[in-house]
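[1] Structure of the sequence below:
(2 chains)
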There are 2 protein chains.
Amino acid sequence: MLAIPLRKSRETLASFVTRRFRTTLSRCVTFENSGRPTEVLRITEVPLPPLTDTTLHLRFLAAPVNPADINQVEGVYPISARSLPDVDGFIGGNEGVAEVVAVGERAAQQLNVQPGDWVLPAVPAFGTWRTYAAAEIHEVQKIPKEGLTALQAATLAVNPCTAYRMLKDFVQLQPGDTVVQNGANSAVGQAVIQIARAWGIRTLNVIRDRPNLEELSRQLRDMGADWVIRDTDLRSAETRALFASGNARKPFLALNCVGGKAATDMLRLLGNGGSFVTYGAMSRQPLTLPASAFIFKDISAHGYWMTRWMEDKREGRREERAQMLNELIGMLRAGTLWPPIAEVTRWGHELQLEASLDSMRSIVTAAGAGLAGKKQVMLMHDVE
Amino acid sequence: MLAIPLRKSRETLASFVTRRFRTTLSRCVTFENSGRPTEVLRITEVPLPPLTDTTLHLRFLAAPVNPADINQVEGVYPISARSLPDVDGFIGGNEGVAEVVAVGERAAQQLNVQPGDWVLPAVPAFGTWRTYAAAEIHEVQKIPKEGLTALQAATLAVNPCTAYRMLKDFVQLQPGDTVVQNGANSAVGQAVIQIARAWGIRTLNVIRDRPNLEELSRQLRDMGADWVIRDTDLRSAETRALFASGNARKPFLALNCVGGKAATDMLRLLGNGGSFVTYGAMSRQPLTLPASAFIFKDISAHGYWMTRWMEDKREGRREERAQMLNELIGMLRAGTLWPPIAEVTRWGHELQLEASLDSMRSIVTAAGAGLAGKKQVMLMHDVE
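    Predicted coordinates:
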């Protein structure tokens, strides 16, 4: 449909399409080949396909740049990014929040949405780094937007949901139970602290030693962390005494995003029959686990990946997700769950294309600095 | 009850008791302190306590010396050996078969046993290295002895049961499915091959390279092994091709008794969602497992310990064990399950006490030579 003249110069595409087709142009962050994001990312503008009975037109409000998104661009992530018609290559971004601009009749009925409502992607690799998108019914899920900021909604689906599911799906926790986690200052770790606190579950939080240790410990305790220790304290007499004294219940759930020795030491704290759940590998070291923990202590080790949970086609999964999102939104509104500390960058049509690419390069560079940094969030449109 | 004169000389104990109390003397392999079995083991003779309404008198026929028994004597096993009244310290042995000599009325009813029946211990750390024993109702379980040898019955409760449960309790296997295991020539490994074969499940068997590789491979194939490879072949193109070609189904169950690199390489063969079950650590190296296998492939790692299964108090466990033993005994009778290659040593009252201790030292030395050697079995009484 898009004829040759459109390919000549990307600069003329937007005005050409608007003039000729009277349709919306979406500005997208794309890449043709995997590689370093600062080198392979491009900006592409494509018109939205016409609305149909079963589609929605969306206006993206905000989208974060998560470590997994970066890995996807680098080609070291197990699922590839989305390819779009009329785009050479792929479009980046898995998470974000969008406002419904227009909706086909059947889509409106099935999803119970109307223009102005907010939706989150309901599938992995939606391609959220764009200003506008068209979506099929199964690709989005409505959320109640009242009282939410775009930043809160855009960062809800990955980290808080990961924390929520890990606290629910492996061990039946009761109020007063203890959970131990490393990388406690990561975005997921912070969500674990806050959700656990809301549910009456106590957390033993492990962080690496660092210059601002006291400050970070205080921040985590302010969020609701019951105990904060360094990874080098995991085998200390004080840590063992915590459980020996009856001050704390022995943990039966350990959440690991670090690996290496700190993970091994954390595993030793688990009670017999406990679950050790890995969702990251910040140290880039494998897990070294003693056979005796499996054989004699009946520890089991598992992995958690939000994408797999999303892709699971079992009956009722969509309703289960709605229930989880509603519960988390309730916590956001109540102020018991804070959004991550974020750096928000405007990334809309007000930028020239070249500036748009420069901006994206800065964002991915900051995001690549690691989990310890602030979360990078693109802001495409203001909430009206 | 036993007065001082009895302690003076062990040589006179047997004749003294028989003359004075007209009761049965049991010769036991005991130890007061943990340590090297050849150094700490002693021979002790004690009279059986009088029979009561709820007890049985047993005549042990045969008992193996398993690696776990050795570890128990060394004090490096998580459950300690049994202590007995009138014995200083502990009595060794966890597995064995005994014939009922006499049985109290209530015990006879509840267990449906009479003199001449065979029983296995139903609790860990029964103390099977003795010629006679008294047992409570809950401590033993009757087995149908018809067509069984004492060697078959004495080696049934640990290794074949471990193999049976690992094939049943982690993954729902269907005929035609593949299971991969290392240490395939261990006693459990051999039982896995044979039970899997009986159930129509195919086995990929991993062994270490060795001078008699061809001979061992042939032995395992004769037992029913579908494929036998060296641990160094785990990542070879041929091994990968086996599954890529559709000749074999990708395994979703891996059984590990080795650890170290061979275990890591075996884990890589598992399909998404597969279970990795550890029941031993022959290499004495920990498990080194990539975080990505847990996160992205949804592999879970578990341990299996027969003792824990035995100790589990859940409803119906005793019946479940009877069902398992009956099924395995059926395989033994049918010749589809062979007892392990064993070295059988007579160890009865015909030996002088000193010779009895020397004999036991030889047995534990041979047993300590490792899983690669023959299973060492003590033969206390002939089957009458």
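
[2] what does the stretch 1-150 of chain A have sitting close to chain B?
    Counting by CB under 8 Å from any CB of the partner chain, the stretch 1-150 of chain A comes close to chain B at A:P78. The C-beta positions use only the backbone N, C-alpha and C, and glycine is treated the same way.

[3] What segments of the stretch 1-150 of chain A are strands?
    Here the stretch 1-150 of chain A has its strands, by DSSP state E, counting those that start in this stretch, at A:25-31, A:41-47, A:55-65, A:82-83, A:90-91, A:97-103, A:118-121, A:132-136, A:140-143.

[4] What of the stretch 201-350 of chain A?
    Under the criterion DSSP E, counting those that start in this stretch, the stretch 201-350 of chain A contains strands at A:202-207, A:227-230, A:253-256, A:275-278, A:287-289, A:300-303, A:342-346.

[5] Nearest to chain B, out of these?
    For chain B, the closest of those is strand A:300-303, at 2.9 Å, according to CB to the nearest CB.

[6] Output the contacting helices and strands for that closest one.
    Strand A:300-303 makes packing contacts with strand A:275-278, helix B:291-295, strand B:300-303 when contacts are defined by 3 or more CB pairs under 8 Å, 6 or more residues apart in numbering or on different chains; DSSP states H and E.

[7] which stretch among these comes nearest B:I137?
    For the helices and strands packed on strand A:300-303, distance to B:I137 was read as CB to CB. The smallest value, 30.4 Å, belongs to strand B:300-303.

[8] Stretch A:177-194: how far from the chain's middle?
    Taking CA atoms, centre = their mean, to the nearest Å, the mean C-alpha location of stretch A:177-194 is offset from the chain mean by 15 Å.

[9] Same question for stretch A:67-82.
    The chain centroid and the centroid of stretch A:67-82 are separated by 13 Å under CA atoms, centre = their mean.

[10] what about that stretch, how long is it end to end?
    With CA to CA, to the nearest Å as the measure, stretch A:67-82 spans 17 Å from end to end.

[11] residues making contact with it?
    Applying CB atoms under 8 Å, 6 or more residues apart in numbering or on different chains, the external contacts of stretch A:67-82 come out as A:31, A:34-37, A:40-41, A:90-95, A:124-127, A:129, A:158, A:307, A:364, A:367-368, A:370-371, B:292, B:296.

[12] Show me what counts as buried in stretch A:268-281.
    Judged by neighbour count (16 or more other CB atoms under 10 Å in any protein chain shown), stretch A:268-281 contains these buried residues: A:268-270, A:274-281.

[13] Test my guess that A:F60 contacts A:V97.
    Yes - using CB atoms under 8 Å, A:F60 is in contact with A:V97, at 7.5 Å.

[14] The closest residue to A:D231 other than its chain neighbours: what's it in contact with?
    Leaving out its chain neighbours, the residue that sits closest to A:D231 by CB to CB, 6 or more residues apart in numbering or on different chains is A:A262, at 3.9 Å. Counting by CB under 8 Å, 6+ apart, A:A262 touches A:182, A:206, A:208, A:231, A:234, A:283.

[15] Present the strands of the stretch 1-150 of chain A as TSV; the columns should include mean pLDDT.
    As requested, those are arranged in TSV below (pLDDT from 0 to 100):
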stretch	mean pLDDT
strand A:25-31	96
strand A:41-47	95
strand A:55-65	97
strand A:82-83	93
strand A:90-91	96
strand A:97-103	97
strand A:118-121	98
strand A:132-136	97
strand A:140-143	97
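
[16] Now render those strands as a markdown table, adding distance to B:D169 and mean neighbour count.
    Converted to a markdown table, the strands of the stretch 1-150 of chain A look like this (distance: least, CB to CB, whole Å; neighbours: other CB atoms under 10 Å in any protein chain shown):
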| stretch | distance to B:D169 | mean neighbour count |
| --- | --- | --- |
| strand A:25-31 | 46 | 24 |
| strand A:41-47 | 49 | 21 |
| strand A:55-65 | 42 | 26 |
| strand A:82-83 | 40 | 16 |
| strand A:90-91 | 43 | 22 |
| strand A:97-103 | 44 | 23 |
| strand A:118-121 | 38 | 23 |
| strand A:132-136 | 42 | 21 |
| strand A:140-143 | 37 | 20 |
